[in-house]
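Q: the following block contains a protein sequence and its predicted model.
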Amino acid sequence: MEEIRELNVLLESGIEEYEEQLKALQAERLKYIRLSMTDGFGAEEGQSKESWLLHLKQLEDTLEVRVKSLKQAVVELAEAFKKVETE
């Protein structure tokens, strides 16, 4: 039962963090769209269109990693329960 509680805490915190990161990604996407519409990209590092695209890609990758790790935690716990049931 303790393992289930630990998984629950992990999932709750992971989902909350995921949702926060998703909101940040959405806000950054809106900024990118605004810059695209106004041709407001700068020429310096960190302000260019390419830098913005890289930044968005990194945020998306972070979200993907978070979801994969949450799924993996669920799978591992399920496998552990299956082993206990078969013993």
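A: Arrived safely. This one's a predicted model, so the numbers in the text were calculated from it and none came from an experiment.
Q: burial count for Trp52?
A: Per other CB atoms under 10 Å, the neighbour tally for Trp52 reads 19. All C-beta atoms are positioned from the backbone trio N, CA, C, and that covers glycine.
Q: oh sorry, the question was meant for Ala43
A: Using other CB under 10 Å, Ala43 is surrounded by 6 other residues.
Q: for it, give its distance to Tyr32.
A: If you measure Ala43 against Tyr32 using CB to CB, to the nearest Å, the figure is 17 Å.
Q: what packs against whichever strand or helix holds Thr62?
A: Applying DSSP states H and E as the criterion places Thr62 in helix 49-86. Counting contacts by 3 or more CB pairs under 8 Å, 6 or more residues apart in numbering; DSSP states H and E, the secondary-structure elements packed against helix 49-86 are helix 2-38.
Q: identify the residues contacting the most centrally placed residue in the chain.
A: Nearest residue to the geometric centre of the chain (CA atoms, centre = their mean): Leu63, 1.6 Å. Contacts for Leu63 (CB atoms under 8 Å, 6 or more residues apart in numbering) come out as 18, 21-22, 25.
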